[in-house]
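1. Structure, please.
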Amino acid sequence: MTYVDDTNTRQAADAASKFVNWYYSQINEGKGVSQSYVTNNDTYKNAGHPPADICVNGLVCPTPEDWEKILAQQREAPKATNDKKHVSYVVDTFDAHVINADYRFGATQNLIDIHGPNDGVRMMIMVNVSGTVYFGVSKRSNEEYSVKQHFNDVFILVPNWDSLAKQSKYGKRFLIASQTYRAY
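-> Numbering: from 1, shown residues only. Predicted coordinates for the structure are as follows:
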């Protein structure tokens, strides 16, 4: 039996947990998420990375800002009989898998030298999120909601080299390179 170091697996699960908590809190609070995409990151843009791929219910969403407009439209549509406007994404489960433990696109040579492919830093991660989106008043307060839909979000996350270079504990460690969202 071959021993496999599970550092990357543990780091991917931890990164996914932090990302999912942050991302859906931002959406539920009506805050922006566009800065968490490679499209809006100068390091990736300067390195020639293509814009983030965003697909919403089978349709291409050209930019992260366009995705934010869709989210804003969800919040503006009156959904409950009491005319309270609210959208709440409730995550039921998520899963993370390391796609590439040695991701290097846009990394400085210094970061490549410091972080090896087994230290859980230079990873490309796939995060699969499933949950329910409630339109109307918050489900958590046991108030009325008029529509609920299940959703599935699949993200491809890549390292945020800017955050790593600054050794910041508070910056987003990963950015979104791809997102496929489906509500059903």
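2. Centre of the chain to the worst-scoring helix or strand of the chain on mean pLDDT, how far?
-> Counting by mean pLDDT, DSSP states H and E, the chain has its least confident helix or strand at helix 161-165, which shows a mean of 85. Offset of helix 161-165 from its chain centre (Cα atoms, centre = their mean, to the nearest Å): 17 Å.
3. pull the CA atoms of it into PDB?
-> Extracted in PDB, the C-alpha atoms of helix 161-165 (Å, rounded to 0.1, in the frame of the first residue of the first chain):
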ATOM      1  CA  TRP A 161      -1.100  34.900  -5.600                       C
ATOM      2  CA  ASP A 162      -1.500  38.400  -4.300                       C
ATOM      3  CA  SER A 163      -2.700  37.200  -0.900                       C
ATOM      4  CA  LEU A 164       0.000  34.500  -0.800                       C
ATOM      5  CA  ALA A 165       2.800  37.000  -1.600                       C
END
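4. Heading C-terminal from the helix or strand hosting Ile112, find the next helix or strand.
-> Element membership for Ile112 (DSSP states H and E) is helix 109-114. Downstream of helix 109-114, the next assigned helix or strand under DSSP H and E is strand 124-136.
5. Which helix in this protein has the most residues?
-> In the chain, taking DSSP state H as the definition, the longest helix is helix 7-28.
6. Return the list of helices and strands in contact with the following helix or strand past it.
-> Following helix 7-28 in sequence order, the next helix or strand is helix 42-46 (DSSP H and E). For helix 42-46, the elements it packs on are helix 161-165, judged by 3 or more Cβ pairs under 8 Å, 6 or more residues apart in numbering; DSSP states H and E. Where you see a C-beta, it was placed from the backbone N, CA and C, and this is true even at glycine.
7. got a list of what Thr43 touches?
-> Contact partners of Thr43, counting by Cβ atoms under 8 Å, 6 or more residues apart in numbering, are Gly106, Trp161, Asp162.
8. who wins for neighbours among those residues?
-> Compared across the contacts of Thr43, Gly106 has the highest neighbour count, 22 neighbours, by other Cβ atoms under 10 Å.
9. Am I right that that one is in a helix?
-> No. Counting by DSSP: H, G, I helix; E, B strand; the rest coil, Gly106 is not part of a helix but coil.
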